[in-house]
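# compute the structure for the input listed below.
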Amino acid sequence: MAQKFTPLHDRVLIRRIEEAETVRGGIIIPDTAKEKPQEGVILAVGTGKYEKGQTIPLAVKEGDRVLFGKYAGTEIKIDGEELLILREEEILGILSGAGKSAEKQEKAAARR
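Predicted structure coming up:
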């Protein structure tokens, strides 16, 4: 990313992790039949939620793999890459122990 983007307050910037193009039987799934992935990697986090005069830090950090709701967040484009901004409360959970194939997909997306 050539531009530096920092979300405000309790928002996070996420890159969606794309699913594999084929299934076990070798059938290729066309783009029109695919749903948008509900899994992503956090690229940037805000400072935290401001409550009762205090800033509460976020439970997630850069590099975490997370699940989020299907219609959560706002899609934006930065340097030609489609990213997602959403509030921490829209994140359903943090994935740990992700498989190697998912890590390869993440690294390939980072090179784009």
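
# partner residues bridging the closest residue to Leu95 other than its chain neighbours?
Nearest residue to Leu95, sequence neighbours excluded (C-beta to C-beta, 6 or more residues apart in numbering): Arg65, at 4.2 Å. Bear in mind the C-beta positions are built from the backbone N, C-alpha and C, glycine included. Beta bridges link Arg65 to Val41, Leu95, judged by DSSP bridges.

# any weak-confidence spans in the chain?
1-2, 19-37, 98-112 (pLDDT under 70).

# just to revisit the earlier point, what about the residue nearest to Leu95, how many neighbours?
20 (other C-beta atoms under 10 Å).

# for it, give its distance to Arg15.
10 Å (C-beta to C-beta, to the nearest Å).

# touching both of the two, which residues are there?
Common contacts of Arg65 and Arg15 (C-beta atoms under 8 Å, 6 or more residues apart in numbering): 40-41.

# verify the stated contact: Ile94 with Lys61.
No. In this structure Ile94 lies outside contact range of Lys61 using C-beta atoms under 8 Å: 9.4 Å.

# what about the helices in the protein?
With DSSP state H, the ranges of helices along the chain come out as 100-111.
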